[in-house]
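Participant: Got a predicted model here, sequence first, then my questions.
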Amino acid sequence: MQNVLKDEEEWELILTSADMTGCPPDLIASARKAAVDRNKTEDDAHVITLGRSTVEPFLSYASRRDLRQKVFEAFMKRGELNADRDNKKIAIDILRLRKRQAQLHGKATFADYQLEDTMAQTPETANKLLMDVWVKAKDAANKEREMMEAFLKENGECLEDGIQPWDWRYYAEKVRVASFAFDENEMKPYFSLDAVTDAVFDVSNKLYGLKYIKRPDIVAYHPDVNVYEVRRESADGDDELVAIFLHDNYARPYKSSGAWMSEYRTQTKNLIPGSDAIQGIPIVSNNNNFAKGSDGTFLSFDDGTTLFHEMGHGHHGMLSDCTYEYLASTSVLKDFVELPSQLMEHWLSEPEVLKRHAKHHKTGEILPDELIKRFKAAELFNEGFATVEYTSCALFDIAIHSLAEYDDNFDMAQFEKDYLEKMGMPQGIIMRHRPPHFLHLFASSSYAAGMWAQVLDNDVFAAFKETGDVFDKATAERCRKLIYSAGNTVPPQELFRQFRGRDPDVKFMLENRGLV
């Protein structure tokens with residue numbers, strides 16, 4: 001992790017405003033602010049860093065192909081940009097140690113060992129699900145590329161080497177605009193960080209009765225961090241403290257990349273007699289890395305989804321209702337832990353939420369129905385690409401952890417290349433996380449478990465939809481009790497069956513991704 005963080009801290013691309021042709025105003029403003037923050041003295045200096053919230057918009061809108069390639073290649077080589085900080089050797093050492101760990105537990109491979117503690121339980125079961133999704137996702141992605149190739153032909157453009165990974169997002173946006181009359185930048189003025197934060201707090205209140213009271217008097221570890229008391233009405237009508245919540249949203253030097261939920265104190269009822277009850281109240285933080293703008297911070301829809309996702313993890317900590325800390329909050333199976341977070345994502349795109357909270361930052365105008373309609377029509381475009389990016393990582397996780405040995409001649413980069421060729425990776429796409437910066441794989445474990453969580457979250461959200469009200473009180477209360485509050489006190493398979501009355505069904509996930 002330190003090597004990736006150092007690469008992200010050191011690498012920068014200094015540009016002029018002319019170099020940023022095609023980029024939306026908020027990205028240009030954040031690049032200018034990054035230049036000022038990094039003490040660039042030129043009046044027209046703009047800096048692109050390797051934060052995902054900067055890289056992906058640049059790849060989507062920057063007109064200059066050579067600059068997109070330069071940014072993309074640096075982003076994908078985090079963890080190996082400097083020979084003295086090359087993570088590949090460390091990753092191979094981790095693979096060898098994990099193989100030894102699995103053998104000590106009587107397992108043939110680490111894939112067998114790590115997946116035993118999931119709802120899938122075996123590599124074979126996990127692979128079966130992933131391959132079903134993989135085949136459908138490849139077909140969808142190839143059709144998306146064909147649409148982009150047709151766009152290029154219609155517009156008299158020619159890429160001699162075909163659509164490359166640094167082209168995909170750029171031309172996908174062009175096709176999205178041409179085919180669906182939808183440009184995601186139209187949404188950004190309605191998606192200020194403040195508006196999306198208000199939206200997630202409102203959803204939290206409607207579903208689970210949580211109220212967020214800002215506490216500027218509580219000093220956090222950085223001035224950008226907002227601190228809240230989280231309260232709700234108890235069963236006997238009293239106003240009770242549920243949690244302390246810290247919202248740390250902005251990227252800054254030396255901060256880890258990505259997004260995550262942390263707990264400074266986990267919920268527990270197992271207190272020493274005479275202890276202050278506050279000792280059992282959780283202290284939860286959500287951490288994001290949004291590029292701070294000089295005239296407000298505006299999020300893409302993907303950024304907004306990330307904020308909702310992390311709040312789902314936050315709910316898992318704040319709504320925990322367990323006796324023992326060891327079993328509380330997110331101390332659950334690896335695939336079940338992503339259910340609360342991925343479930344929360346669904347509410348952001350609900351028209352009821354958009355109409356209430358997506359307001360223009362200057363005029364206060366509510367997001368127009370016509371724009372929502374175009375957004376919903378374009379919503380599933382490029383899902384093939386997104387699913388291929390993710391699923392390839394999950395399949396790679398199982399494959400590399402299923403090897404019999406990692407001898408002195410093992411070449412991770414070559415294994416990656418050979419494996420993706422074998423799997424038929426569509427042209428113009430690579431894994432979302434390459435091995436040198438694949439922190440979910442090497443700093444934790446079992447990325448493959450996340451796909452099973454997607455089956456679960458889509459099935460659970462379907463239960464809300466089936467009532468005709470995505471804020472249905474009875475369904476929300478069952479969700480709170482069985483998914484957010486139970487921790488690891490009951491096997492997750494049983495919790496799901498209590499909630500749905502049956503085992504999970506993959507059809508909801510495939511339908512929601514447009515893969516059937």
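Facilitator: Alright, I've got the coordinates.
Participant: so where's the protein shaky on pLDDT?
Facilitator: For the chain, the stretches with pLDDT under 70 are 443-446.
Participant: residue ranges for the strands of it, please.
Facilitator: Secondary structure of the chain, counting by DSSP state E: strands at 13-15, 46-48, 211-214, 226-233, 239-250, 260-265, 283-290.
Participant: what does the last one rub up against?
Facilitator: Judged by C-beta atoms under 8 Å, 6 or more residues apart in numbering, the contacts made with strand 283-290 from elsewhere in the structure are 51-53, 193, 225, 243-251, 255-265, 297, 299, 303, 306-307, 310-311, 313-314, 317-318. All C-beta spots, glycine's among them, are computed from the backbone N, C-alpha and C.
Participant: Deepest in the core, which of the strands of the chain is it.
Facilitator: strand 46-48 (a mean of 24; mean count of other C-beta atoms under 10 Å).
Participant: Packing partners of it?
Facilitator: strand 13-15, helix 25-37, helix 52-61 (3 or more C-beta pairs under 8 Å, 6 or more residues apart in numbering; DSSP states H and E).
Participant: 7 Å - rerun?
Facilitator: Judged by 3 or more C-beta pairs under 7 Å, 6 or more residues apart in numbering; DSSP states H and E, strand 46-48 is in contact with strand 13-15, helix 25-37.
Participant: out of those, which comes closest to Val71?
Facilitator: With C-beta to C-beta as the criterion, Val71 lies closest to strand 13-15 of these, at 6.1 Å.
Participant: centre of the chain versus the closest one, how much separation?
Facilitator: Relative to its chain's centre, strand 13-15 lies at 27 Å (C-alpha atoms, centre = their mean, to the nearest Å).
Participant: which helices and strands does it pack with?
Facilitator: Applying 3+ C-beta pairs under 7 Å, 6+ apart, we find strand 13-15 packed against strand 46-48.
Participant: Partner strands of the strand it packs on and their direction?
Facilitator: Strand 46-48 pairs in its sheet with strand 13-15 (antiparallel), by DSSP bridges.
Participant: ok, Pro216 to Ser262 distance?
Facilitator: 21 Å (C-beta to C-beta, to the nearest Å).
Participant: ugh, wrong one, I meant Pro57
Facilitator: Relative to Ser262, Pro57 is positioned 26 Å away (C-beta to C-beta).
Participant: Give me the spatial nearest neighbour of Ser204, chain neighbours excluded.
Facilitator: On the basis of C-beta to C-beta, 6 or more residues apart in numbering, the spatially nearest residue to Ser204 that is not a chain neighbour turns out to be Leu210, at 4.6 Å.
Participant: neighbours of that neighbour, just the number please.
Facilitator: Leu210 is flanked by 22 other residues according to other C-beta atoms under 10 Å.
Participant: picking that back up, could you dump the strands of the chain into TSV and include distance to Ala449?
Facilitator: Formatted as TSV, the strands of the chain follow (distance: least, C-beta to C-beta, whole Å):
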stretch	distance to Ala449
strand 13-15	35
strand 46-48	33
strand 211-214	30
strand 226-233	28
strand 239-250	26
strand 260-265	16
strand 283-290	21
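Participant: Nearest to Asp457 among the ones you listed would be which one?
Facilitator: Set against Asp457 and scored by C-beta to C-beta, the strands of the chain come closest in strand 260-265, at 15.8 Å.
Participant: Quickly run through the sheet partners of the closest one, with directions.
Facilitator: Strand 260-265 has these strand partners (DSSP bridges): strand 283-290 (antiparallel).
Participant: Does anything pack onto the lengthiest helix in the chain? Which helices or strands?
Facilitator: Determined from DSSP state H, the single longest helix within the chain is helix 123-154. Counting contacts by 3+ C-beta pairs under 7 Å, 6+ apart, helix 123-154 is packed against helix 110-116, helix 165-180, helix 383-401, helix 449-466.
Participant: Can you check which of the ones you listed gets nearest to Asp19?
Facilitator: Distance to Asp19, taken as C-beta to C-beta, is lowest for helix 165-180 among the helices and strands packed on helix 123-154, at 14.8 Å.
Participant: quick one, the closest one and helix 52-61 angle?
Facilitator: 70 degrees (axes from the mean of the first three to the mean of the last three C-alpha atoms, to 10 degrees).
Participant: For helix 165-180, C-alpha coordinates in CSV please.
Facilitator: Output of helix 165-180 as CSV, limited to C-alpha atoms (Å, rounded to 0.1, in the frame of the first residue of the first chain):
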residue,chain,number,x,y,z
PRO,A,165,-7.9,1.2,-23.1
TRP,A,166,-7.2,4.9,-23.0
ASP,A,167,-9.8,5.4,-25.7
TRP,A,168,-12.7,3.3,-24.3
ARG,A,169,-14.1,5.8,-21.8
TYR,A,170,-13.7,8.7,-24.2
TYR,A,171,-15.6,7.1,-27.1
ALA,A,172,-18.1,5.5,-24.8
GLU,A,173,-19.1,9.1,-23.7
LYS,A,174,-19.3,10.1,-27.4
VAL,A,175,-21.6,7.2,-28.2
ARG,A,176,-23.7,7.9,-25.0
VAL,A,177,-24.3,11.4,-26.2
ALA,A,178,-25.0,10.4,-29.8
SER,A,179,-27.2,7.4,-29.0
PHE,A,180,-29.1,8.5,-25.9
